[in-house]
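Novice: The following block contains a protein sequence and its predicted model.
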Amino acid sequence: MKTLINLCAAFAIVIAPSQAYAARHIYAEVYYKHKVVLVGEWGDGGKADADTVWGYLKTIKFKPTDAFKNLKVNHAEKRVVLSGGGGSLADSKITVFISYGGKSKFRELSLVRIPKDEQDREWILDPKEVEDMFAYRLIGRRDAARLRYPEKLKTQKSE
């Protein structure tokens, strides 16, 4: 009986977590003509606000979907520019979404090809364009309430 109790105690120590960590899975998608053409993901501890999460778009690697493959992008192209069409930004055919960070329409979006990794991710978004759309993205009220510096507005550098 004593052996059984010792064995149960040892098993409980092995399976008990030493410390619980909050983790958040973040999804990112690029829509073109209402179809998801690129998907990416990121993770953090759950404390980053919407401004910080939007910044993740500068480094997330994206995997092309079947809809992207239907665009017939040349495999040799190192940079591809999706055009959202003329007119107002609201009418654009390009939307970028990242959970907990917001979404925005783009007039055009440059995709940069990187070496394909083991998950078939081979595209990143142009970091400058992500930064340019910082002030134009839409976020939910909950995400807005969690902003660390709600008055912060990144300004574009004058040329």
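Specialist: Done, it's in.
Novice: didn't I98 look like it was pressed against I26?
Specialist: Yes - counting by CB atoms under 8 Å, I98 does reach I26; the two are 6.4 Å apart. Any C-beta I mention is one placed from the backbone N, CA and C, and that applies to glycine too.
Novice: okay, these two: which has more neighbours?
Specialist: I98 (25 against 19; other CB atoms under 10 Å).
Novice: Now that one: closest residue in space that isn't a chain neighbour?
Specialist: Of all residues not flanking I98 in the chain, A28 sits nearest, at 4.3 Å (CB to CB, 6 or more residues apart in numbering).
Novice: helix or strand for that neighbour, which one?
Specialist: strand 24-32 (DSSP states H and E).
Novice: List of residues touching that strand?
Specialist: Strand 24-32 is contacted from outside by 36-46, 53, 56-57, 60, 62, 67-68, 71, 82, 93-101, 109, 111, 125, using CB atoms under 8 Å, 6 or more residues apart in numbering.
Novice: any common contacting residues for I98 and I26?
Specialist: Common neighbours of I98 and I26 (CB under 8 Å, 6+ apart) are 53, 56.
Novice: about what we covered before: can you give me the buried ones in the strand holding A28?
Specialist: 26, 28-32 (16 or more other CB atoms under 10 Å).
Novice: Now K105: closest residue in space, sequence neighbours ignored.
Specialist: Closest to K105 by CB to CB, 6+ apart is S92, at 4.2 Å.
Novice: got the contact list for that neighbour?
Specialist: 84-85, 105-107.
Novice: Can you tell me which of those residues has the largest number of neighbours?
Specialist: Neighbour-wise, those (other CB under 10 Å) top out at F106, 24 neighbours.
Novice: Tell me the pLDDT of that one.
Specialist: pLDDT recorded at F106 is 91.
Novice: Tell me what it is bridged to.
Specialist: I94 (DSSP bridges).
Novice: try L38
Specialist: With DSSP bridges as the rule, L38 is bridged to V30, P64.
Novice: Could I get the pLDDT score of the most centrally placed residue in the chain?
Specialist: Among the residues of the chain, A28 comes closest to the average C-alpha position under CA atoms, centre = their mean, at 3.5 Å. We have a pLDDT of 98 for A28.
Novice: distance of it from G102?
Specialist: Using CB to CB, to the nearest Å, we find A28 at a distance of 11 Å from G102.
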